[in-house]
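Undergrad: next one to model:
(one chain, ligands or ions: 1)
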Amino acid sequence: MSDFPDLRYFPIWSCFCNLFLKLTHYLKINLFHILWKRTFRLSVDTLNFSFVFCLEFVIHLQVVSFPVVQLHMNRTAMRASQKDFENAVNQVKLLKKDPGNEVKLKLYALYKQATEGPCDMPKPGVFDLINKAKWDAWNTLGTLPKETARQNYVDLVSSLSSSLESSSQVEPGTDRKSTAYETLMVTSEDGITKITLNRPAKKNAINIEMYHEIMRALKAASKDDSSITVLTGNGDYYSSGNDLTNFTDIPPGGVEEKAKNSAILLREFVGCFIDFPKPLIAMVNGPAVGISVTILGLFDAVYASDRATFHTPFSHLGQSPEGCSSYTFLKIMGPAKATEMLVFGKKLTAGEACAQGLVTEVFPDSTFQKEVWTRLKAFAKLPPNAMRISKEVIRNREKEKLHAVNAEECSVLQERWLSDECMNAVVNFLSRKSNL
Ligand SMILES: CCCCC/C=C/C(=O)SCCNC(=O)CCNC(=O)[C@H](O)C(C)(C)COP(=O)(O)OP(=O)(O)OC[C@H]1O[C@@H](n2cnc3c(N)ncnc32)[C@H](O)[C@@H]1OP(=O)(O)O
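TA: Predicted structure coming up:
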């Protein structure tokens, strides 16, 4: 405060001084009139005087006061930004995540401009890539005033902190995060968002809530600052597929309504995998059943522990293939092998699934986590935009077809769920007459 004269009351003092001068000036004129003019004329002059007096007041307030108030506000803002600037400089050092080279260059340039003014350094040589990039960033700020650069720096750091904060809200290790998902654990670090199916006591069976949470987690992962997304399971299973108790919660509209709602949910769920924009990797840590197997055809890489098995017992359940597997499995493994899995329900070992192209690579269970994570961390360091664009080029060719297949599979299943074959299979499982 002390280093600045407080200008807040200047306009008011200025107005009163001005008015005082005007008042004495007009009084002199009016005294002259009083002495020499008639009473009638005098009252008109008094009215004129009052009118001019008020006008003077208003004009003075507008012309003098506002610029002064503005000046005062600007000076206050400059003072605030100097303090904020120092805070922002410290805040940058505490950022947990790398904001990326583009942002770092912007920060560097604004810092230099704010502290040293316009760039007056000699331009580094073409081969001195890093210093040249820094010089370019600083030089493009031209003659931007130091105060503006300071303010821009503060704004950039604050937007950076809030965006990194919101992306860290998906951290499962924190209290905030554990309340975010009931059936999943979601973490985001080293450029990798990891979605873990988390109902180990139920073999990670996918109940209605988990379908919705997976979709929510995928949508969040598609927008966060990670480069790749991983889906895995907690416990001894990757997933036992659709939770068969989903079929027991019948709405007032009866089984038809249930089948219709399930088809809508399934279509939306599979659609999220078709449209997911970043590289999506499955870490199949154990046995996988039903829909957790079929959607693997929509992943970009599938790494499996040698404990994993792949089982799609649709005929046993009176159901039919979903997850676009009626299309992707045929493309991946050819019609004969796909039929063995999807129609006859043949369970594949990890090695067999790898030989047929469904799995990218199999790892011994003892080293599975370590080996796969080392690989994933290396992948996550690749340029994220290049990975996303490459995936887009590959996926776009198929997207329309995949959505059409998804729609068709869901509509066939809607009918199947109403069949005796399906209802008996579900009842048998729930009454524990059968395990697959
Ligand atoms: C709305 C969209 C629909 C999308 C269409 C999707 C279709 C599919 O995914 S079809 C595949 C459906 N899945 C199954 O048919 C698997 C059924 N489960 C089993 O066969 C077995 O549980 C097992 C082979 C996966 C594991 O057997 P086991 O090691 O003997 O363990 P338990 O059977 O004792 O299971 C422990 C615990 O978990 C419950 N559970 C496991 N899987 C499911 C499931 N898919 N649905 C519901 N509940 C499941 C099991 O009931 C046990 O629970 P508790 O008895 O309460 O301990």
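
Undergrad: right, is the host helix or strand of residue 387 up against the ligand?
TA: Element membership of residue 387 [criterion: DSSP states H and E] is helix 384-416. No - judged by C-beta under 6 Å from any ligand atom, helix 384-416 stays clear of the ligand, getting no closer than 6.6 Å. All C-beta spots, glycine's among them, are computed from the backbone N, C-alpha and C.

Undergrad: got any ranges where the protein has weak pLDDT?
TA: Scanning the chain for pLDDT under 70 picks out 1-80, 96, 98, 100-101, 126-129, 162-179, 433-434.

Undergrad: list the contacts of whichever residue of it sits closest to the ligand.
TA: In the chain, the residue found nearest to the ligand is residue 290; the distance is 2.2 Å by C-beta to the nearest ligand atom. Applying C-beta atoms under 8 Å, 6 or more residues apart in numbering, one finds that residue 290 lies in contact with 240, 241, 242, 311, 312, 313, 314, 317.

Undergrad: go through those residues and say which is closest to residue 402.
TA: residue 312 (17.8 Å; C-beta to C-beta).

Undergrad: would you map the strands across the stretch 101-250 of the chain?
TA: Using DSSP state E, counting those that start in this stretch, the strands found in the stretch 101-250 of the chain span residues 184-189, 192-197, 228-233.

Undergrad: switch these over to JSON lines; also include mean neighbour count.
TA: Output for the strands of the stretch 101-250 of the chain, formatted as JSON lines (neighbours: other C-beta atoms under 10 Å):
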{"stretch": "strand 184-189", "mean neighbour count": "20"}
{"stretch": "strand 192-197", "mean neighbour count": "24"}
{"stretch": "strand 228-233", "mean neighbour count": "25"}
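
Undergrad: up against the ligand, what does the chain have?
TA: Near the ligand, when you scan the chain using C-beta under 6 Å from any ligand atom, you find 202-203, 205, 240-246, 262, 265-266, 289-291, 317, 322, 429, 435-436.

Undergrad: only the buried subset of those, as a ChimeraX command please.
TA: Per 16 or more other C-beta atoms under 10 Å, the buried members of these correspond to this ChimeraX selection:
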select :202,203,205,240,241,242,243,244,246,262,265,266,289,290,291,317,322,429
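
Undergrad: which ones are touching the closest residue to residue 205 other than its chain neighbours?
TA: In space, and not counting its chain neighbours, residue 205 is closest to residue 243: 3.8 Å by C-beta to C-beta, 6 or more residues apart in numbering. Each residue near residue 243 by C-beta under 8 Å, 6+ apart is listed here: 202, 205, 206, 207, 208, 210.

Undergrad: just checking, the second one touches residue 233?
TA: What it means is residue 205. No - Residue 205 is not in contact with residue 233 according to C-beta atoms under 8 Å; the separation is 10.6 Å.

Undergrad: give me the common contacts of the two.
TA: With C-beta under 8 Å, 6+ apart, residue 205 and residue 233 have common neighbours residue 239.

Undergrad: sorry, back to before: from the chain's centroid, how far away is the helix holding residue 387?
TA: Chain-centre distance of helix 384-416: 22 Å, with C-alpha atoms, centre = their mean, to the nearest Å.

Undergrad: next, the buried residues of the following helix or strand past that helix.
TA: Next helix or strand after helix 384-416 toward the C-terminus (DSSP H and E): helix 420-430. Neighbour-count burial for helix 420-430, counted by 16+ other C-beta under 10 Å, picks out 422, 425, 426, 429.

Undergrad: for the second one, which residues are in contact?
TA: Residue 425 makes contact with 316, 317, 318, 319, 434 under the criterion C-beta under 8 Å, 6+ apart.

Undergrad: please repeat the previous calculation with a cut-off of 7 Å.
TA: By C-beta atoms under 7 Å, 6 or more residues apart in numbering, the contact set of residue 425 is 316, 317, 318.

Undergrad: domains in the chain, by residue range?
TA: When the chain is parsed with the TED database, its domains come out as 85-159, 184-434.

Undergrad: picking that back up, next, format the buried residues of helix 420-430 as JSON lines and append distance to residue 366.
TA: Shown next, in JSON lines, are these (distance: C-beta to C-beta, whole Å):
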{"residue": "422", "distance to residue 366": "39"}
{"residue": "425", "distance to residue 366": "36"}
{"residue": "426", "distance to residue 366": "37"}
{"residue": "429", "distance to residue 366": "33"}
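
Undergrad: let's have the contacts of residue 290 in CSV, adding distance to residue 145.
TA: Listed next are the contacts of residue 290 as CSV, based on distance: C-beta to C-beta, whole Å:
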residue, distance to residue 145
240, 64
241, 63
242, 62
311, 68
312, 66
313, 71
314, 69
317, 71
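
Undergrad: in those residues, find the pair that's most separated.
TA: Among those, 240 and 314 lie farthest apart (C-beta to C-beta), at 14.1 Å.
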